[in-house]
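> Here's my sequence, what's the structure:
(one chain, ligands or ions: 2)
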Amino acid sequence: MRLSQSLTKPLRERPAEADSANAAYLIQGGFIDQLGAGIYNLLPFGWRVYRKVAQIIREEMDALGAQELNLAALHPTGPWKASGRWDDPEVRDVMYQFKDQRGKDYGLGFTHEEIAAQLAKPHIQSYRDLPQAFYQIQVKFRNEPRAKSGVLRGREFMMKDLYSFHADEADRDAYYDRVLKAYPKIFKRLGLDALTVEASGGVFTKYSHEFQVLAGSGEDTVHYTEDGSFAQNDEIFDEKNVPKDAKNLKKSSAIEVGNIFKLGKRFPEAAGVAFLDKQGNRQVPEMCSYGIGPTRCIGTVVETSHDDNGIIWPAAIAPFAVHIVALGDDADVTKAADKLYADLEQAGVEVLYDDRDESAGVKFNDADLVGIPQRVTVSKKTLEKQSAELKRRDGKKVELVELGTITKKLTS
Ligand code: ATP
Ligand code: MG
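Residues are numbered from 1 along each chain as shown. Ligands and ions are numbered 1, 2, ... in the order given. This is a model prediction of the structure:
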């Protein structure tokens, strides 16, 4: 992508209204813009990052044998009345509920347990139809009373939600354990170090597991030991539960990036899901749900991976792999940078090419802000040595590399 042709260019100023590092850098870098309180557009750079995050999650869901689908976001009341949640005051607090032009009630999905259970009903008739697992990566709506901290808490945001159905508790527990173990791997691939934390089951069950990334800007508080043997959300934490041999108990604020629940039979029962077991007896399946917030994950990466100049994207989710900076309007520089851009694109590398008529200072500042892992600078000076300067955004390495070998170096 030539930056001169990009829809968005990095903004000169940090947005004054930004209340967090992720809002400041994502808006200034041109990844997102704010349409309203807790409502953001994902712009081309932001959408690139989002697609990579979604793809990593998708690969791990597929590896769990789950099937991807897309559930409707606009919900008639039927499934919600059947579960009793339409009129639940806690639900009414967050769910957008409204009447259409003909006076009919609708809601916008803030989660999809009811819809998943209803959808499963005709497909789960016999023990042979179980287990089942399906997921979506889709928009959710929540009327968050305090929409804040950029994409960490939006009123419209993305969620990956996986639902599973099982013939018995043993099968449910085995699958839940697989997901429990897969989640930290997903976050690691996204560049996040997430603690697995015991938490309240909310309206569903006694306990659930949350995945929490330690960060000063987090709204949650977790108690944990360095060795990972104990971690609990402050909501359920009690000194008495801490194992006697737990060493160095710590307390930190943290961002919840995922949450998984064993839901029991409540939603399948309400939706009338039932199957015949091997003996021909009618049974209601066990259900679980497993969430991750891809947009919150993006915000969390920015919160935990930035410096005073901007974002430091992990390679796996960076909007581009390489940022070419061409300095000055010398014809040889333009020619060399154009060729490098063409060669890298040809080799399948995602490149942002700063070909604008801007000063070196502006271009370097923007490169730091946008946070692409590798920066390649071509100038009259580097061309004297038939080279370009290669610099990693994480600051670990600056080197002069011969023009002829750069593509190979960046693709090997
Ligand atoms: P919180 O306690 O932070 O409000 P939650 O426990 O209500 O979150 P879940 O219902 O567990 O959230 O949703 C699953 C995942 O969706 C969360 O772990 C989080 O990553 C993401 N998520 C939830 N609410 C939001 C939001 N308002 N904006 C962005 N992501 C969200
Ligand atoms: Mg949660």
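
> Would you mind confirming that Asp355 makes contact with Ser6?
No - with the criterion set as C-beta atoms under 8 Å, Asp355 and Ser6 do not qualify as a contacting pair; they are 10.3 Å apart. C-betas here are computed from N, CA, C, even on glycine.

> Next, the buried residues of stretch 249-261.
Taking 16 or more other C-beta atoms under 10 Å as the basis for neighbour counts, the residues of stretch 249-261 that come out buried are 249, 252, 254-261.

> For Gln97, which residues are in contact?
86, 105-107 (C-beta atoms under 8 Å, 6 or more residues apart in numbering).

> And the residue of the stretch 151-300 of the chain that's closest to ligand 1?
The minimum distance from the stretch 151-300 of the chain to ligand 1, using C-beta to the nearest ligand atom, falls at Gly293 (2.5 Å).

> Nearest residue to Leu43 in space, please, no chain neighbours.
Nearest in space to Leu43, with sequence neighbours left out and distances taken as C-beta to C-beta, 6 or more residues apart in numbering, is Thr8 at 5.2 Å.

> May I have the secondary structure class of the one you found?
Three-state call for Thr8 (DSSP: H, G, I helix; E, B strand; the rest coil): coil.

> so where is this protein shaky, pLDDT-wise?
203-204 (pLDDT under 70).

> Around ligand 1, pick out the residues from it.
Counting by C-beta under 6 Å from any ligand atom, the residues of the chain close to ligand 1 are 111, 142, 144, 153-154, 157, 159, 256-259, 291-293, 295-296.

> and if we set it to 8 Å?
Contact residues (C-beta under 8 Å from any ligand atom) of the chain with ligand 1: 38, 94, 110-111, 140, 142, 144, 147, 151-155, 157-159, 161, 202, 208, 210-211, 219-220, 255-259, 261, 291-293, 295-297, 299.

> Just the ones in strands from these, please.
The members of the residues of the chain next to ligand 1 that map onto strands under DSSP state E are 140, 157-159, 161, 208, 210-211, 220, 255-259, 261, 291-292.

> Tell me how far Leu11 lies from Glu389.
Remark: distance between Leu11 and Glu389 (C-beta to C-beta, to the nearest Å) = 26 Å.

> ok, Leu403 - contacts?
Shown in contact with Leu403 (C-beta under 8 Å, 6+ apart): 336, 339-340, 386-388.

> From the residues of the chain next to ligand 1, list the buried ones, please.
Members of these that pass the buried threshold by neighbour count (16+ other C-beta under 10 Å) are listed as 38, 94, 110-111, 140, 142, 144, 147, 151-155, 157-159, 161, 208, 210-211, 220, 255-259, 261, 291-293, 295-297, 299.

> would you list every one of the strands in the stretch 151-300 of the chain?
Counting by DSSP state E, counting those that start in this stretch, the segments of the stretch 151-300 of the chain that form strands are 156-166, 195-200, 207-214, 220-225, 231-233, 249-264, 275-276, 282-283, 286-292.

> Reformat those strands as TSV; add distance to Arg189.
As requested, the strands of the stretch 151-300 of the chain are exported to TSV (distance: least, C-beta to C-beta, whole Å):
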stretch	distance to Arg189
strand 156-166	13
strand 195-200	16
strand 207-214	13
strand 220-225	22
strand 231-233	21
strand 249-264	13
strand 275-276	35
strand 282-283	37
strand 286-292	12
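
> How about the contacts made by the residue nearest the centre of the chain?
Within the chain, the residue whose C-alpha comes closest to the C-alpha centroid is Pro294; the distance, by C-alpha atoms, centre = their mean, is 1.9 Å. By C-beta under 8 Å, 6+ apart, the contact set of Pro294 is 50, 53-54, 57, 137, 158-160.

> which of Leu11 and Glu389 has more neighbours?
When Leu11 is set against Glu389 and neighbours are counted by other C-beta atoms under 10 Å, the residue ahead is Glu389, at 18 against 14.

> got the contact list for that one?
For Glu389, the contacting residues are 376-377, 379, 382, 398-401, taking C-beta under 8 Å, 6+ apart as the criterion.

> just the buried members of those?
For these, a neighbour count by 16+ other C-beta under 10 Å gives the buried set as 376-377, 379, 382, 401.

> need these in a markdown table with distance to Tyr25 and secondary structure, can you?
As requested, those are arranged in a markdown table below (distance: C-beta to C-beta, whole Å; DSSP: H, G, I helix; E, B strand; the rest coil):
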| residue | distance to Tyr25 | secondary structure |
| --- | --- | --- |
| Val376 | 22 | strand |
| Thr377 | 22 | strand |
| Ser379 | 26 | coil |
| Thr382 | 28 | helix |
| Val401 | 28 | strand |
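
> Out of those, which two sit at the greatest distance?
The largest separation in these, counting by C-beta to C-beta, is between Ser379 and Val401 at 13.5 Å.

> tally of neighbours for the closest residue to Asn70 other than its chain neighbours?
Among residues not flanking Asn70 along the chain, Gln136 sits closest, at 5.2 Å (C-beta to C-beta, 6+ apart). Burial measure for Gln136: 22 neighbouring residues, criterion other C-beta under 10 Å.
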